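Q: pasting the structure only:
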């Protein structure tokens, strides 16, 4: 019989290779875990920055809307004072009333007021060739036509074409 010696203190080459690979894989696992934690912390900080940006953007939009609304209300008030529908001492109450309106309604009302002609501005009326400043006045020049009505029939006016 042959004698077999088993030495437990001596490891085979296969076990050594397996232990080295296991240690290498453990080191890679530790590196991946640390990089994952770094990425998660960067992701969390990026989400916080995004939320901060959204909050700042909402505040900016609200501020711009308030400024547009204030400009529109001021334009409406100035036009109403011009038309005489609002008195100077009641302006503050009207500003509060208009500030309660939503922006599209204010914009539409402001555009409608802007389209109305100013009451103090005189408009020049023209009637053909002559011009009249008021409705009661006659035009500066008299209109002449090259045709005239004679006995219910239209006839050419020779005086008009001759220049008489």
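A: Here it is on my side, so go on. Predicted, not measured: the structure shown is a model, and the values here were computed from it.
Q: for the helix or strand residue 50 falls within, packing partners?
A: Element membership for residue 50, per DSSP states H and E: helix 13-83. For helix 13-83, the contact count by 3 or more CB pairs under 8 Å, 6 or more residues apart in numbering; DSSP states H and E identifies helix 91-99, helix 103-115 as packing neighbours. Just so you know, the C-beta spots here come from the backbone N, C-alpha and C atoms, and that holds for glycine as well.
Q: most centrally placed residue in the chain?
A: Nearest to the mean C-alpha position of the chain, by CA atoms, centre = their mean, lies residue 65 at 9.0 Å.
Q: if I read this right, that residue contacts residue 103, doesn't it?
A: Yes - contact criterion CB atoms under 8 Å: residue 65 and residue 103 qualify, at 6.5 Å.
Q: now do the contacts for the residue nearest to the centre of the chain.
A: With contacts taken as CB atoms under 8 Å, 6 or more residues apart in numbering, residue 65 has the following neighbours: residue 103.
Q: for residue 157, see how far away it is.
A: In this structure, residue 65 lies at 67 Å from residue 157, with CB to CB, to the nearest Å as the measure.
Q: check residue 82 too.
A: Look at residue 82 and residue 157: by CB to CB, they are 49 Å apart.
Q: equivalent analysis for residue 72, please.
A: Distance check for residue 72 against residue 157: by CB to CB, it reads 58 Å.
Q: cool, and residue 40?
A: Between residue 40 and residue 157 the computed distance is 99 Å (CB to CB).
Q: what do you get for residue 62?
A: For residue 62, the distance to residue 157 under the criterion CB to CB works out to 73 Å.
Q: ok, the two, which is more surrounded?
A: When residue 62 and residue 157 are compared for neighbours, residue 157 comes out ahead with 14 against 10, by other CB atoms under 10 Å.
Q: distance check, the more buried one against residue 94.
A: Computed with CB to CB, the distance linking residue 157 and residue 94 is 60 Å.
Q: cool, and residue 86?
A: Between residue 86 and residue 94 the computed distance is 5 Å (CB to CB).
Q: which residues are common contacts for the two?
A: Residues touching both residue 86 and residue 94 (CB under 8 Å, 6+ apart): 77, 80.
Q: what's the burial count for residue 94?
A: With other CB under 10 Å as criterion, residue 94 counts 17.
Q: thought it was touching residue 80?
A: Yes - in this structure residue 94 lies within contact range of residue 80 using CB under 8 Å: 7.0 Å.
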